[in-house]
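Undergrad: coords please:
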Amino acid sequence: MAQVYIPEDIRVALDEGRPIVGLESTVIAHGLPRPRNLDAAHRLEQAVRGGGALPATVAVIGGRPTLGLSADELELLASAPDVRKCSRRDLPIVMARGEHGATTVAGTLAIMGLAGVRVLATGGLGGVHRGADETFDVSADVPELARTPAVVVCAGAKALLDLPRTVELLETLGVPVLGWRTDELPAFYASRSGLPVVARVEGADEVARVARAGWESGLVRGLLLGVPPPADTTVDADEIEGALATALEAARRQGVSGNRITPFLLDAIASATEGRSLDANLALLVNNARVGAEVAVALSRVP
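TA: Below you'll find the model as predicted:
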């Protein structure tokens, strides 16, 4: 806690038990092109405020883990060329070097856990990458979720992943997968994946009760809430699969791997869909921020 800088308004809200929604910052520095990235950052925070909660975008600024960015800090992340992509493992490095870092879901959860913020809204969860049986490429997002008491509100796992194996890993690590008014885990750009959720929930109060039961009993820490993307912004799953297959082959030829693979594939999909995937991405991000605010408000009301 002492290592995390928390602005006064968020610190007071924490002390008073008011609803707060954490927002990751990789989408600003690495996920969306300029100038859409800064516009997205503002829209996400506005969506959280509109839902009655306080937004807390997380990043490392000049070596200082920060929970709740100012307008100037958001602009810095959106424009600086040397912002490092930070999972949990990267945090001590950027802290020691005094660098700027944009946090992934895993990095954001790590900092949120220190401060006691219990809701994170994001686009898609990282998970088991395709071909992981050979590469062992599994995102740190899943184990971080399993160890952090938080509800991660997202449109399922990223479409470029091996979704069935990601679901299996979540089960192995004891992470409940809830469906927001759906029986299937969303597939990021698409509303359905064919993979059943553990339980369907109809509203934020139900999510809050499940989360509290898990935390107070000590049986569960992280929970995943899959929210289908807005119906008018979904992209056909076959189109995404075709673009992804081409992009994966290009990544293989160019030797792209590790934390560079996700932005590479997302850029390729955006190009193949003539920008429609970017529109869908922004729409689901804003939608998840709204739902995250509902969940945070509900949690603040559950004794």
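Undergrad: which residues of the stretch 101-250 of the chain fall in strands?
TA: In the stretch 101-250 of the chain, the strands defined using DSSP state E, counting those that start in this stretch lie at 101-103, 119-121, 150-154, 177-180, 199-201, 222-226.
Undergrad: mind putting these in TSV, distance to P81 and mean pLDDT included?
TA: Placement of C-beta: from N, CA and C, glycine included. Supplementary listing: these in TSV, determined by distance: least, CB to CB, whole Å; pLDDT from 0 to 100:
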stretch	distance to P81	mean pLDDT
strand 101-103	12	97
strand 119-121	27	98
strand 150-154	28	98
strand 177-180	37	98
strand 199-201	42	98
strand 222-226	33	98
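Undergrad: In the stretch 151-300 of the chain, where is pLDDT below threshold?
TA: The model of the stretch 151-300 of the chain has pLDDT under 70 over residues 258-259.
Undergrad: one more time with 90, if that's ok
TA: 157-162, 187-193, 231-281 (pLDDT under 90).
Undergrad: need the helices for it, in chain order.
TA: 163-172, 204-217, 237-254, 261-272, 276-301 (DSSP state H, counting those that start in this stretch).
Undergrad: what angle do the fourth one and helix 237-254 make?
TA: In terms of direction (axes from the mean of the first three to the mean of the last three CA atoms, to 10 degrees), helix 261-272 departs from helix 237-254 by 120 degrees.
Undergrad: Dump helix 261-272 to CSV, restricted to CA.
TA: Only the C-alpha atoms of helix 261-272 are listed here, as CSV (Å, rounded to 0.1, in the frame of the first residue of the first chain):
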residue,chain,number,x,y,z
ILE,A,261,2.0,-10.8,-30.0
THR,A,262,-1.3,-9.4,-28.7
PRO,A,263,-0.9,-5.8,-30.1
PHE,A,264,0.5,-7.3,-33.4
LEU,A,265,-2.5,-9.5,-33.9
LEU,A,266,-5.0,-6.8,-32.9
ASP,A,267,-3.5,-4.4,-35.4
ALA,A,268,-3.7,-7.0,-38.1
ILE,A,269,-7.3,-7.8,-37.3
ALA,A,270,-8.2,-4.1,-37.4
SER,A,271,-6.6,-3.8,-40.8
ALA,A,272,-8.4,-6.8,-42.2
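Undergrad: gap between it and the chain center?
TA: Chain-centre distance of helix 261-272: 17 Å, with CA atoms, centre = their mean, to the nearest Å.
Undergrad: buried set for that helix?
TA: By 16 or more other CB atoms under 10 Å, the buried positions in helix 261-272 come out as 261-266, 268-270, 272.
Undergrad: Include distance to L74 when you put those into TSV, please.
TA: TSV is the format used below for the buried residues of helix 261-272 (distance: CB to CB, whole Å):
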residue	distance to L74
I261	26
T262	21
P263	19
F264	24
L265	25
L266	20
A268	27
I269	25
A270	22
A272	29
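Undergrad: ok, so of these, who is nearest S300?
TA: T262 (32.6 Å; CB to CB).
Undergrad: Please list all residues in contact with the closest one.
TA: 126, 158, 160 (CB atoms under 8 Å, 6 or more residues apart in numbering).
Undergrad: What is the nearest of those to L67?
TA: Looking at the contacts of T262 and their distance to L67, the nearest is G126, at 20.6 Å (CB to CB).
Undergrad: what does stretch 91-100 rub up against?
TA: Contacts for stretch 91-100 (CB under 8 Å, 6+ apart): 3, 59-65, 76-77, 80, 82-84, 86, 101, 107, 110-111.
Undergrad: out of those, which are inside helices?
TA: The helices, defined by DSSP state H, take in 76-77, 107, 110-111 from the contacts of stretch 91-100.
Undergrad: looking at these, which has the most residues close by?
TA: G107 (29 neighbours; other CB atoms under 10 Å).
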